[in-house]
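[1] Have a look; sequence and predicted model below, questions after that.
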Amino acid sequence: MSETGLIDHPDGCPRCWWAGHDPLYVAYHDTEWGVPERDGRALYEKLILDGFQAGLSWITILRRRDGFRDAFSGFDPEAIARYDEADVARLMADTRIIRNRAKILGTIAGARAWLRIEESGPGFAPFLWDFADGRPIQGSARSRAEVQAETPVSRAMGKALKAQGFSFCGPTIVHAFMQAVGMVNDHLVGCHRHGPCAELGQPA
């Protein structure tokens, strides 16, 4: 890894340091991270998974993502909102996921909050994207040290999510979420994905 935080790969494409050399992580970095996501259900899934990541590495969650999706009804908020104590017990026994009762309960509460937002306003995706004024915020970090862990925007979004009934939505988790779903383009300048993600953020 260079001093900038970029990793050179055999394919000649410099990548952000955190992608490492794990093929699963590299594929995630190259195809998902930083790509603007505007589907409300997909945003719910990613926010919940980022909450499960708290205290763990993202690769731990990524390796279990299919198990999470199967255990949590494909992250369908309408289905999860109906979960009861039997479902909580089922999930607590499911070794494919992170078995944390508080996070499981937070997932259910978040599904119910998601439904309220969908029913009472423009929808979950517009609710979130409004914090970025509807367009990805373009980062300009050239080194790992320049990447922020939280921002005023992530603090405001986290506060709003908590007020709606979400949990595990502190400013650091929310900023990681915003980076992942392309609300912030935080690929390092020099990473081969910075430019393409910046282009995706341009108005049609």
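    Structure's in. What do you need? Numbering: from 1, shown residues only.
[2] When you work out contacts or count neighbours from here on, use the C-alpha atoms and nothing else.
    Noted.
[3] tell me the contacts of Met178?
    Shown in contact with Met178 (Cα atoms under 8 Å, 6 or more residues apart in numbering): Ser154, Val184.
[4] Now do stretch 13-27, average pLDDT.
    Regarding stretch 13-27, the rounded mean pLDDT is 95.
[5] what's the residue closest to the geometric middle of the chain?
    The chain has Phe177 as the residue nearest its centroid, 3.3 Å off, counting by Cα atoms, centre = their mean.
[6] Quick one: residues contacting that one.
    Lys46, Leu47, Asp50.
[7] between those, which has the most around it?
    Of all the contacts of Phe177, the highest neighbour tally under other Cα atoms under 10 Å goes to Leu47, namely 24 neighbours.
[8] could you dump the contacts of Phe177 to TSV with secondary structure and pLDDT?
    Shown next, in TSV, are those (DSSP: H, G, I helix; E, B strand; the rest coil; pLDDT from 0 to 100):
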residue	secondary structure	pLDDT
Lys46	helix	98
Leu47	helix	98
Asp50	helix	96
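[9] Closest one to Ile108 out of those, please.
    Nearest to Ile108 out of the contacts of Phe177 is Leu47 (Cα to Cα; 12.6 Å).
[10] Find the nearest non-adjacent residue to the closest one, please.
    Phe177 (6.1 Å; Cα to Cα, 6 or more residues apart in numbering).
[11] For the lowest-mean-pLDDT helix or strand in the chain, which strands pair with it and how are they oriented?
    Between all helices and strands in the chain, the lowest mean by mean pLDDT, DSSP states H and E belongs to strand 6-7, at a mean of 91. Paired strands of strand 6-7, with direction, are strand 15-16 (antiparallel) (DSSP bridges).
[12] in the helix or strand just after the strand it pairs with, what's buried?
    Elements were assigned by DSSP states H and E; along the chain past strand 15-16, the next helix or strand is helix 23-31. Neighbour counts using 16 or more other Cα atoms under 10 Å place Tyr25, Val26, Tyr28, His29, Asp30 of helix 23-31 among the buried residues.
[13] Which elements pack onto helix 23-31?
    helix 58-63 (3 or more Cα pairs under 8 Å, 6 or more residues apart in numbering; DSSP states H and E).
[14] So for the helix it packs on, what gets flagged as buried?
    The neighbour-count check on helix 58-63 (16+ other Cα under 10 Å) flags Ile59, Ile61, Leu62 as buried.
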